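J.: no sequence on this one, just coordinates:
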Ligand SMILES: C[S@@+](CC[C@H](N)C(=O)[O-])C[C@H]1O[C@@H](n2cnc3c(N)ncnc32)[C@H](O)[C@@H]1O
């Protein structure tokens, strides 16, 4: 495990004192990212992009959105064909960050979507952090001809939509619990406050498993055949549990009357995630483009992220009536949607534009780099009314094997 002491800012020391001096890791992570005043996202301290703290696929170039728009538009057409009385077709983006993906998707969708369907289109953004919401509003201000609104999942549950819900790099930011093996016994990891003269420090402590975590571990064993900790794991083995997926899927499922949910995120299969060789899980923090294992350092100034586990994610979604359609790696999804064609078309670039073409080629290759963004997973789920018989074949081009 990473080193166990870090400076604690005064605001966090106050919160910890109010809780008797310590908190579960998930609470620490939630404060660090989402505290309304000091959290890394809610305060606006974090910036996504090449000149910010970390990059995401849409922050590299508009190619990601243009390729994704091809698939989204097919789903809008499917919905329009199958449910012609559907008056509004929504694209909901959960966790839109700087608003880059929504911005580029609007341009791309408008250019390829049949007008009769685009007339029914609306963009809905779900963002819990005010500073990010403000940036998204600024970014999208020029689209005065398109219906755009911000809301939250509780409101969407009351007024569910038909369309597509997109969750790109948001589930990895949901607060996780961390567990650690000590003398053959599993504990939860907590964060505790130490006062030394006038300074405050954060340290890890071991906490007996809460009932919530015990129940989850039993569920993973029963439904995913997954034993945590893995057999023969060494003392000090630690990992993460996405205990917040269940309530998230419950809300998302109730928000979607009919249509699809596409999740794109860092993910690993259970045998790679909860493996005795993976001794410190997947949790890391990002600041100024550098990754660190010291995730309790600089709370409120760093992004903290943990990979998802494929099997657990699918199990939690299916429990909430989301029908699993398939999953693939981002590299294969983007190749199926036409990325190879974009790279080869760069061959026709004239000499004066060679440097732009080289930059474009680099960002396209970064999207499919197997050790980077290309290793991301795309998961597709569907919601359709009971006994509904499709008039059209459900398009899922991104799951097709790429030809190139
Ligand atoms: C890593 S960023 C992803 C940004 C964007 N999707 C992209 O790809 O560039 C995470 C975003 O999700 C937001 N967020 C975090 N937890 C959320 C939640 N429970 N519901 C909605 N948004 C959330 C953050 O404020 C931030 O805007």
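T.: Nice, thanks for sending it over. From a predicted model like this one, the values you see are computed outputs, not experimental measurements.
J.: Which residues of the stretch 101-250 of the chain lie near the ligand?
T.: Residues of the stretch 101-250 of the chain lying near the ligand by Cβ under 6 Å from any ligand atom: 101, 126-129, 132, 168-170, 173. The way it works is simple: take the backbone N, C-alpha and C, and place the C-beta from them, glycine included.
J.: can you pull the pLDDT of the residue of the chain positioned farthest from its centre?
T.: Within the chain, the residue lying farthest from the chain centre (Cα atoms, centre = their mean) is residue 197, at 40.3 Å. pLDDT recorded at residue 197 is 85.
J.: Next, it: phi, psi?
T.: With angles defined as degrees, to the nearest 10, residue 197 sits at phi 50, psi -120.
J.: Identify all contacting residues around stretch 194-210.
T.: 1, 4-10, 12-13, 22, 24, 28, 179-180, 182, 186-193, 217, 296, 299 (Cβ atoms under 8 Å, 6 or more residues apart in numbering).
J.: Pull out the buried residues from these.
T.: Listed as buried from the contacts of stretch 194-210 are 6, 8-9, 12-13, 22, 24, 28, 179-180, 186-193, 217, 296, 299; burial here means 16 or more other Cβ atoms under 10 Å.
J.: Which ones among those lie within helices?
T.: Using DSSP state H, 12-13, 28, 217 are the members of these that sit in helices.
J.: circling back: next step: the buried ones among the contacts of stretch 194-210 restricted to strands.
T.: Mapping these onto strands (DSSP state E) picks out 6, 22, 24, 179-180, 186-193.
J.: tell me which of these is nearest to the ligand?
T.: Among these, residue 24 lies closest to the ligand (Cβ to the nearest ligand atom), at 17.4 Å.
J.: for that closest one, what are its contacts?
T.: Residue 24 is in contact with 177, 188, 190-191, 207, 210, counting by Cβ under 8 Å, 6+ apart.
J.: Farthest-apart pair in the residues you listed, please.
T.: Based on Cβ to Cβ, the longest span within those runs between 191 and 210 and measures 14.7 Å.
J.: My guess is residue 312 contacts residue 217. True?
T.: No - look at residue 312 against residue 217 with Cβ atoms under 8 Å: they stay out of range, at 11.1 Å.
J.: what residues does the helix or strand containing residue 366 touch?
T.: Assigned by DSSP states H and E, residue 366 belongs to helix 354-368. Residues from elsewhere that reach helix 354-368 (Cβ under 8 Å, 6+ apart): 57, 60-61, 63-64, 330-331, 334-335, 339, 342-343, 346, 349, 372-374.
J.: Now render the ones in helices among the buried ones among the contacts of stretch 194-210 as CSV, adding pLDDT.
T.: Below are those laid out as CSV (pLDDT from 0 to 100):
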residue, pLDDT
12, 98
13, 97
28, 98
217, 98
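J.: what's the neighbour count on whatever residue of the stretch 251-400 of the chain ends up closest to the ligand?
T.: Nearest residue of the stretch 251-400 of the chain to the ligand: residue 303, at 6.4 Å (Cβ to the nearest ligand atom). A total of 23 residues lie near residue 303 under the criterion other Cβ atoms under 10 Å.
J.: do you know how far it is from residue 102?
T.: 19 Å (Cβ to Cβ, to the nearest Å).
J.: Also residue 200?
T.: On the measure of Cβ to Cβ, residue 200 and residue 102 end up 39 Å apart.
J.: These two: who's more crowded?
T.: residue 102 (24 against 19).
J.: For the more buried one, list the residues it contacts.
T.: 93, 96, 123, 125, 136, 139-140.
J.: hmm, try it at 10 Å
T.: Contacts for residue 102 (Cβ atoms under 10 Å, 6 or more residues apart in numbering) come out as 58, 65, 91, 93, 96, 123-125, 136, 139-140, 143, 148, 166, 168.
J.: Over to residue 104?
T.: Taking Cβ under 10 Å, 6+ apart as the test, what residue 104 contacts is 58, 61-66, 68-69.
J.: ranking the residues you listed by neighbours, who comes first?
T.: Result: residue 64 is most packed of these (other Cβ under 10 Å), 29 neighbours.
J.: What about the closest residue to it other than its chain neighbours, how many residues nearby?
T.: For residue 64, ignoring the flanking residues on the chain, the nearest one in space by Cβ to Cβ, 6 or more residues apart in numbering is residue 57 at 4.2 Å. When neighbours are counted by other Cβ under 10 Å, residue 57 registers 26.
J.: Test my guess that residue 57 contacts residue 264.
T.: Yes - Residue 57 lies in contact with residue 264 (Cβ atoms under 10 Å); the separation is 7.8 Å.
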